[in-house]
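# Coordinates only, no sequence provided:
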């Protein structure tokens, strides 16, 4: 089984794990630093998001508080923005930056941004692929080599969906950050000397999506090679 394949461990699992840990460390460092730096405006993350949404004519999009740490997200199905308590109530550069980023997704939705719509369309297929891919491979392994090669091809298709989702997600996240920075400065919610802090927090958050894409690509390449080997 591939779980015990040294090449899988060396060229897929370990690189993906290390890149993921590196990205999380960068995010924790940037967020930890700038969550201690008050924003000059004295605004909370919730207030900053509300200002951005209202200025864009999205007064009907609620901003709600949820539990968890960095669990912030915009839900396009509910047309609502959810902020973790630290971001919702925080009056820091990190809180305002993260809240503005999530508001940026609402602006993407409003403007029918093509890649945002593509990611929305891929969500159901990606959820299925993520839950089914390893089960499919395990079932093929149980049934034996005669079936395994066919099941590997199915796994390749599933990992292709996952990789495509991550590939689309990356520019969507970077665009949301771009919109966030633009609105924060245009509306005067942060000042020029706070620009670097906002950028560092949002750029560090984007690295987690880069790590996810790299891991997905490595997984896909491995199973493509596995599929070729099983047919030879």
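Right, received. Where do you want to start? Since the structure is predicted, the reported quantities are computational estimates derived from the model, not experimental observations.

# Any idea which residue is closest to the centre of this protein?
residue 209 (4.9 Å; C-alpha atoms, centre = their mean).

# Next, the contact list for that residue, please.
166, 169, 170, 173 (C-beta atoms under 8 Å, 6 or more residues apart in numbering). All C-beta atoms are positioned from the backbone trio N, CA, C, and that covers glycine.

# any idea which element it lies in?
Taking DSSP states H and E as the definition, residue 209 sits inside helix 195-231.

# next one: residue 161
Using DSSP H and E, the element containing residue 161 is helix 145-186.

# Can you list the helices and strands that that helix packs against?
The criterion is 3 or more C-beta pairs under 8 Å, 6 or more residues apart in numbering; DSSP states H and E, and the helices and strands that helix 145-186 contacts are helix 45-55, helix 93-110, helix 114-143, helix 195-231.

# where does the helix or strand of the chain with the lowest mean pLDDT sit relative to the chain's centre, distance-wise?
In the chain, the helix or strand scored least confidently by mean pLDDT, DSSP states H and E is helix 6-8, which has a mean of 85. On the basis of C-alpha atoms, centre = their mean, to the nearest Å, helix 6-8 sits 27 Å off its chain's mean C-alpha point.

# Next secondary structure after that helix?
Taking DSSP H and E, what comes next after helix 6-8 is helix 14-34.

# other SSEs contacting that next one?
Here helix 14-34 touches helix 93-110, helix 195-231, going by 3+ C-beta pairs under 8 Å, 6+ apart.
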